[in-house]
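A.B. asks: Next comes the sequence, and after it the predicted model I'd like to discuss.
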Amino acid sequence: MPTSSYILSLTIWVPILAGVLVLFLHHEAQKPAARVVALVGSMLGLLVAIPLWSGFDNASAAMQFVERTAWISRYNIHYALGVDGISMLFVLLNSFTTVLVIISSWQVIQEKVSQYLAAFLIMSGLINGVFAATDAILFYLFFEAMLIPMFLIIGVWGGPRRVYAAVKFFLYTLLGSLLMLVALIYLYNVTNGSFDILDFHRVPLGITAQTLIFLAFFASFAVKVPMWPVHTWLPDAHVEAPTGGSVILAAITLKIGAYGFLRFNLPIAPDASQALSGFIIALSLIAVVYIGLVALVQSDMKKLIAYSSIAHMGFVTLGFFIFNVQGVEGGLVQMISHGFISAALFFCIGVLYDRVHSREISAYGGVVNTMPKFAFFAVLFAMANSGLPATSGFVGEFMVILGAMKVNFWYAFVAATTLVLGAAYSLWMVKRVIFGDIANDDVRALTDINSREIVILTALALLIIFMGVYPKPFTDVMHVSVDALLKHVAIGKLN
Amino acid sequence: MIENKLALLAIPMLPLIGALLAGFLGNTLGRAFAHSVTILGVAAAFVLSCFVFQDVMAGKTFNGAIYTWLVTGETRLEVGFLIDSLTATMMLVVTFVSLMVHIYSIGYMADDDGYTRFFAYIALFTFAMLMLVMSNNFLQLFFGWEAVGLVSYLLIGFWYKRPTAIKANLKAFLVNRVGDFGFLIGIGLVFAYFGTLDYQVTFALAQNFKDTIIEPVPGWQWSLMSAICIGLFIGAMGKSAQFPLHVWLPDSMEGPSPISALIHAATMVTAGIFMVARMSPLFEMSETALSMVLIIGAITALFMGFLGIVQNDIKRVVAYSTLSQLGYMTVALGASAYSVAIFHLMTHAFFKALLFLGAGSVIIGMHHVQDMRYMGGIRKYMKITWITSLIGSLALIGTPFFSGFYSKDSIIEAVKHSQIDGSGFAYVAVVLGVFVTAFYSFRMYFMVFHGKERFDDVHHAHDHDAHGDDHEHHGLAKGDKPHESPWVVTVPLIMLAIPSVFIGLYTIEPMLFGNFFKGVIAVAPNHDSLAALRSHFTGWAGMALHGLQTLPFWLAVAGVTLAWYFYMKRPDIPAAIQQKFSVIHALLDNKYYLDRFNEWAFAGGARKIGNALWKFGDVTIIDGIMVDGTAKVIGWFAGAARVIQSGYLYTYAFWMILGVFGLLSIVFVKLV
């Protein structure tokens, strides 16, 4: 589609340029200006992404909004962009969430305002690049570069153990991605010098090569998701990150790992994917049950939601590796839904933290008495997190469980325990934080959410309910791409 | 075929709109607005339901989609309605009881700060319940199923300052989720094997899978239909509070009385019964499942009745009675007498809502005392409440000519003729249950309405465990007497008392022996446990007269007499029994120790395992050994190199970002 071929570039570079611009507004007196520029920049970023949705051709499995320019000719590296039904929604999700994060930092962040806002804007552009890149090196660059602003956000604006958390986060994710680079270079060789991801999809590979490539990508993406047992960086990162950092981390960066499975592991190594699916499914189910139980005993709200995220992402990887439509689409729906819900929950914790400066569940109790509006949202989001039908949290889990039942009774059986576990940890927290009589003077002194907070939470609430009541528009986008992917995986590369 | 899809859609949507308006604008526009708008919505839904019922009577039904929820693979998941005699009956019951409860709540909730919130919740409940019963597919059924659970959660915890209330609502939600787990497995199996979630398509396809065997564990063969039905029934056990998932219902009495009537007696808890009746074509294919239904129902019917005997909180007596009656309905399902189960569901909805609202009226009259030991002789002060409660109690114990007689007697007859495994036990349980029901019902009746006035005793007692609604002080002032409730409370009582008497004799013939459920409820010829009753049936009067000569009637008379003797004549006897059989009393008083077991095994166990996994798995093994261990080794090597580095993370990061910019900028050079 040559007519619309600058849209993806715009979604990447508009936020980044806005971020750079904001960096120049770093004087104390320029704080308000920095905020306004950042907000406008993020909104522009969302605006330029909207044509992806409105102009998307649901009937095509091919990459759309394609851009392709030679970049480093010597290695045949291209600045190549494109989205299909698998990646398109994430560009929108990311651009949208960035707007909310900018709004949420309006009052809360008073230190190094311009740098903070710039980090988020730049990160937003880079993340869009990750989802849009169709050249492996370009993908890799965005994939790695995106870590830097996140690293800074945690390391500079984070809590007391921020350096430990930041380094843990950085090392964990970096180690995995080095192996991915090796795999990419190997693939470059077997494709006779191409870094085009679609060429990687097509190139025939033996089972040994596939297995090694699979494991290399797996090392990188499993950390990002994160899958059990490489998940322990996430709770630490969340606890130390400022609210905005947690929101992006949970809502967007986790999705990059899962996206990588669909973009790299499944199509490049379809036979290895099938051979190793039992292993991935086992890890996913462990995530649902083990992590669900661990979430139950957390006393820190952010840790609890972090663990809950891991359990919910277990559904995503489970869905992907059962290789049927319900599974893969359910996994994708779960990713988007979790983007909304986890963002909403971290915003909620942020609201409380800004007022009381504690994330401990025991520091609260009876918040509903002083913050009834907030309580309404908190209960709604907790219910969505426990997968209540008519919220988005239900759709993905339901589809994955249906898909899993087609493959193996016990996959569905174990996965369905989330009905009990998810409700237990979400609502037990609600009981202790929101309900009850006023527990202490901090709670008594609470003021209800202001209009800015209401805007953020309402936007997320509406999306969560809309997606729960009418998920069809979201899945319609995915059908053709997912079908093509599943066919490709079913055929394999060995014949 | 019903033509007007819009009218059908309006039935659930009007209460929803009422709920949204009351919920979001109630605080601004006031109490009168909140109750008017919700009552208007529910009343309109009731009127429309009457018209729908008329259409169904005229042979017009509906089965169609409203909109497509999503398409996945070959399957189209839709939101849609199936309107037939079963649905229409449920719609009438739900909207009528809901309307009564709405009106009643104007009086009952008058002093409450959460007035508008309350009306928003009960209207929302009505919406969810209607979506549940009107559904034509499992997806929407599950939506309604969980949505009524949500509202139940919100209403049990309505007085959120009370620790007991917020414990009870969490418990209710989680126990229901255990049931829903089974329910979802059942739905998953339906989808996996039939590729659809539509009822009619499922029923049609199921015929081909009658003998399908699945082997989830190699060598262990299950019948597919049994697996599906048992899964679905586990869901019903949660929602309809069947043993051992019944534990949440008694605690749900923490909510205001009107919702105990609406949700935890008349409608929501009967959703499981409705669902099994709706799935009768599936259950008919699995005698294993039917047998399980029968036995679980029988256990619930009898053993929950026993617990009613030792309760002193007026609402808890009615709650255990509800459990027991739900057990009766379940027994009927297990005996393949689905129409009888629905019949009892309907009569029970009226007389149990009446009893709960009557209890609520007493509680208002007593200024929020719920302990029957501080009541007595109230009949003098609250005449309407007294008479209507008496009617409710007579209906409950199955007095001939009252509605409860027809439904309960039919259940007993059906079980008697059932050939399903366990029907012998179930028969004993339901017959014995008649005595128990009569005893605890009239124990309550006599303690509350007759005998010595014990209002002042509350001031002597320090025991406040049975305190009432959320008020600073409760109990009558010294020397004060209870007073009859306002008309908004008594009118619903009267309106419910009328069907409690007459609905049974009026509807038994079409519902049980006529064509009312023809084509809606399926019964295999060899499961037709109603055949004997049908052949003997000579009309409602004949049945009632015959009922006077049967064992259940005399058991009921015995129960009432014993209650009268124990609590009116010789109150010393129950006290003596209680002492002499203290072990049994302790067992009953502690609800067979099930709560404690659950608390210890499941709630405690999950936390213990969670803690162990976290402390040992995450902290010690993964972080302690794998992550930090690796970092230490690296750190040791890096120590040497560190000298020549600046050590500022920001510097490194800055250079990395600059590198990215540099590389990417080349693109733009090329573009130009």
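C.D. replies: Looks like it arrived, so ask away.
A.B. asks: and residue B:160, which of the three is it?
C.D. replies: coil (DSSP: H, G, I helix; E, B strand; the rest coil).
A.B. asks: give the contact list for the spatially closest residue to it that is not a sequence neighbour.
C.D. replies: Of all residues beyond its chain neighbours, the one nearest residue B:160 is residue A:435 (4.3 Å), with distances taken as CB to CB, 6 or more residues apart in numbering or on different chains. For every residue, glycine as well, the C-beta is placed using N, CA and C. Remark: with contacts taken as CB atoms under 8 Å, 6 or more residues apart in numbering or on different chains, residue A:435 is in contact with A:366, A:368, B:157, B:160, B:166.
A.B. asks: hang on, residue A:435 is in a helix, isn't it?
C.D. replies: No: assessed by three-state DSSP, residue A:435 does not belong to a helix; its assignment is coil.
A.B. asks: And it, its phi and psi?
C.D. replies: phi -90, psi 180 (degrees, to the nearest 10).
A.B. asks: and it, how far is that from residue A:379?
C.D. replies: 9 Å (CB to CB, to the nearest Å).
A.B. asks: How about residue A:232?
C.D. replies: 30 Å.
A.B. asks: So between those two, which is more surrounded?
C.D. replies: residue A:232 (23 against 20; other CB atoms under 10 Å in any protein chain shown).
A.B. asks: Which strand runs longest in the chain?
C.D. replies: Chain wasn't specified; assuming chain A. Assignment by DSSP state E gives strand A:64-72 as the longest strand of chain A.
A.B. asks: wrong one, I was asking about chain B
C.D. replies: strand B:62-72.
A.B. asks: Quick one: list the elements packing against it.
C.D. replies: The helices and strands touching strand B:62-72, judged by 3 or more CB pairs under 8 Å, 6 or more residues apart in numbering or on different chains; DSSP states H and E, are helix A:325-356, helix A:392-407, helix A:472-491, helix B:5-29, strand B:75-83.
A.B. asks: Adding mean pLDDT, mean neighbour count and distance to residue B:586, write these out as a markdown table.
C.D. replies: Formatted as a markdown table, the helices and strands packed on strand B:62-72 follow (pLDDT from 0 to 100; neighbours: other CB atoms under 10 Å in any protein chain shown; distance: least, CB to CB, whole Å):
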| stretch | mean pLDDT | mean neighbour count | distance to residue B:586 |
| --- | --- | --- | --- |
| helix A:325-356 | 94 | 26 | 44 |
| helix A:392-407 | 94 | 27 | 42 |
| helix A:472-491 | 92 | 18 | 56 |
| helix B:5-29 | 91 | 19 | 44 |
| strand B:75-83 | 90 | 21 | 48 |
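A.B. asks: now the ones you listed in JSON lines, with distance to residue B:540?
C.D. replies: As requested, the helices and strands packed on strand B:62-72 are exported to JSON lines (distance: least, CB to CB, whole Å):
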{"stretch": "helix A:325-356", "distance to residue B:540": "51"}
{"stretch": "helix A:392-407", "distance to residue B:540": "46"}
{"stretch": "helix A:472-491", "distance to residue B:540": "50"}
{"stretch": "helix B:5-29", "distance to residue B:540": "31"}
{"stretch": "strand B:75-83", "distance to residue B:540": "28"}
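A.B. asks: Compare those and give me the one nearest residue B:628.
C.D. replies: Across those, the minimum distance to residue B:628, taken as CB to CB, is reached by helix A:325-356, at 26.1 Å.
A.B. asks: what about the chain, any weak spots by pLDDT?
C.D. replies: No chain specified, so I'll use chain A. For chain A, the stretches with pLDDT under 70 are A:1-4.
A.B. asks: That was the other one, I meant chain B.
C.D. replies: B:1-2, B:459-474, B:631, B:634, B:637-655, B:667-672.
A.B. asks: rewinding a little: quick one: strands adjacent to the longest strand of chain A?
C.D. replies: According to DSSP bridges, strand A:64-72 forms sheet pairs with strand A:77-83 (antiparallel).
A.B. asks: chain center to the strand it pairs with, what's the gap?
C.D. replies: Distance of strand A:77-83 from the chain centroid (CA atoms, centre = their mean, to the nearest Å) equals 22 Å.
A.B. asks: And for stretch A:339-350?
C.D. replies: With CA atoms, centre = their mean, you get 12 Å for stretch A:339-350.
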